[in-house]
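Asker: sequence-free structure coming up:
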Ligand SMILES: CC(C)(COP(=O)(O)OP(=O)(O)OC[C@H]1O[C@@H](n2cnc3c(N)ncnc32)[C@H](O)[C@@H]1OP(=O)(O)O)[C@@H](O)C(=O)NCCC(=O)NCCS
């Protein structure tokens, strides 16, 4: 193994996607090549390269409108940990967002929170990652309607109200991917996309639990194989639906912020995150 001084830092390009995917898969994450391509195209995604081992650490800053951005994909190869590499890459991502006049938000794994607290990030909300098998949703009265890629404009405004920024590019990318299915109901919507290890449900945006239940139940009934989703703990009735469908809690995520004291958007409308990498 080389020294940290000999590591070369560079902005990732589309040519680095296979190496980045190998790193996220190595630590058991669900991101796909689509996700990495999106970060590289829309954000600043940086990596540290060792002459022999190749890409050994990554981090991404993804700016959104409305004064904030997301930091994510903070991964350090297990052989290179506890040598300050995550702190170094985080410093660059924070500087990138500050340079664009944006506060930094992120969704931290328990491992990540150890690094971020030391940098001044404060926890503002909690999610739980749920994991289970599709096809086993509890029965509910009404089903949600399928959303087509042409219906994008119908959900962008509802999403912006819930998340706090207009994410047209992200939702358009999700809906265009092979294997994505989306539904709408009562002004809300849900997207389910294919991940590297499991189908990923999110975002789920709805104005109430009653409006959210048909969306979640329809997606669970439709899903096949392993499913992951990140539910805010402020939606206990949806947690009960997941339990009734045989889902289990896998790990918590903390939504944290630096340079702002409140979350953007409205968590009474955002039930399931797009994913910890996108907010
Ligand atoms: C989280 C992760 C990125 C940390 O990378 P790293 O390069 O080892 O972190 P750093 O060396 O920069 O650590 C910075 C500080 O964070 C804290 N920290 C990091 N890892 C820690 C651990 N395992 N236990 C306790 N504190 C820890 C320490 O305060 C550390 O400073 P110190 O070493 O001077 O005490 C790495 O463990 C990882 O890739 N984990 C799997 C993926 C993941 O969960 N990423 C976070 C997503 S939100």
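Answerer: Nice, I can see it. All values derive from a computational prediction rather than experimental measurement.

Asker: wait, does stretch 20-29 contact the ligand?
Answerer: Yes: remark: stretch 20-29 sits within contact range of the ligand at residue 27, by C-beta under 6 Å from any ligand atom. The way it works is simple: take the backbone N, C-alpha and C, and place the C-beta from them, glycine included.

Asker: Need the contact partners of that stretch.
Answerer: Contact with stretch 20-29 is made by 12, 31-33, 36, 45, 47, 55-58, 73, 75, 77-78, 196-197, as judged by C-beta atoms under 8 Å, 6 or more residues apart in numbering.

Asker: Run a quick neighbour tally on the closest residue in space to residue 35 that isn't next to it in sequence.
Answerer: Leaving aside its sequence neighbours, residue 35 sits nearest to residue 277 (C-beta to C-beta, 6 or more residues apart in numbering; 6.5 Å). Counted with other C-beta atoms under 10 Å, the neighbours of residue 277 add up to 23.

Asker: got it, and residue 124?
Answerer: 15.

Asker: Grab the nearest non-local neighbour of it.
Answerer: In space, residue 124 comes closest to residue 263 once its chain neighbours are excluded; the distance is 5.0 Å by C-beta to C-beta, 6+ apart.

Asker: That neighbour belongs to a helix?
Answerer: No: according to DSSP: H, G, I helix; E, B strand; the rest coil, residue 263 belongs to no helix; its state is coil.

Asker: Double-check it against residue 164; I have them as touching.
Answerer: Yes: applying C-beta atoms under 8 Å, one finds residue 263 in contact with residue 164, separated by 7.1 Å.

Asker: Between these two, which is the more surrounded one?
Answerer: Neighbours were counted for residue 263 and for residue 164 using other C-beta under 10 Å; residue 164 has more, 22 against 18.

Asker: Among the contacts of stretch 20-29, the buried ones, what's the PyMOL command?
Answerer: In PyMOL, this line selects whichever of those come out buried by 16 or more other C-beta atoms under 10 Å:
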select buried, resi 12+31+32+36+45+47+55+56+57+58+73+75+77+196+197
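
Asker: out of the contacts of stretch 20-29, which touch the ligand?
Answerer: Checked against the ligand using C-beta under 6 Å from any ligand atom, the contacts of stretch 20-29 give the following subset in range: residue 75.

Asker: Residue 97 contacts residue 71, correct?
Answerer: Yes: judged on C-beta under 8 Å, residue 97 makes contact with residue 71 at a distance of 7.2 Å.

Asker: if we can go back for a sec, for the residue nearest to residue 124, give me phi and psi.
Answerer: phi -80, psi 150 (degrees, to the nearest 10).

Asker: got the residues of the chain near the ligand?
Answerer: Residues of the chain lying near the ligand (C-beta under 6 Å from any ligand atom): 27, 74-76, 81-87, 108-109, 111-112, 114-115, 118.
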